[in-house]
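Asks: How does the following fold in three dimensions:
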Amino acid sequence: MTTRSRHETVTFKHPFHIRGIARELPAGAYDVVTDEETIDGLSFAVWRRVATMITVPVEGMRGATELLSIGSVDLADARAADASAAHD
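Replies: Coordinates of the predicted model:
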C-alpha cells in the first residue's frame, strides 16, 4: 500500500470553528495536510483519504503552532460557513 500527503493552504476571512477544536480560531491562512493511501487490487490508481490535519496557532504561545486532526467534512463545513458569512 502506498501513501501520500497533500498540502493545501486554506484561507478564512472570518474567525471560525471546526468541530473537534474547542476554541474559535482567528481568520487567516491555515496549512491543511491530507494523508491518502492507495486501494490495492484495482487496475487503476485510486486514493482513499485516511487523515486530515490542520496547523493552528497554540493558544497563549505567540508564534507556536500545533497540528490537529480534523474531519474533512468538518473542514468543508467551516469553509462554507466562512464563505456565507461574507455574503451576510
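
Asks: ok, how many other residues are close to residue 80?
Replies: Close neighbours of residue 80, defined as other C-beta atoms under 10 Å, add up to 10. (C-beta placed from N, C-alpha, C; glycine too.)

Asks: which residues sit against the host helix or strand of it?
Replies: Secondary-structure element containing residue 80, defined by DSSP states H and E: helix 72-85. By C-beta atoms under 8 Å, 6 or more residues apart in numbering, the residues outside helix 72-85 that reach it are 10, 12-14, 16-20, 32, 34, 49, 52, 54.

Asks: ok, now with 6 Å
Replies: Under the criterion C-beta atoms under 6 Å, 6 or more residues apart in numbering, residues 12, 13, 14, 16, 18, 19, 52 lie in contact with helix 72-85.

Asks: okay, now residue 12: neighbour count?
Replies: Around residue 12 there are 19 other residues, counting by other C-beta under 10 Å.

Asks: Pretty sure it sits against residue 25.
Replies: No: in this structure residue 12 lies outside contact range of residue 25 using C-beta atoms under 6 Å: 7.4 Å.
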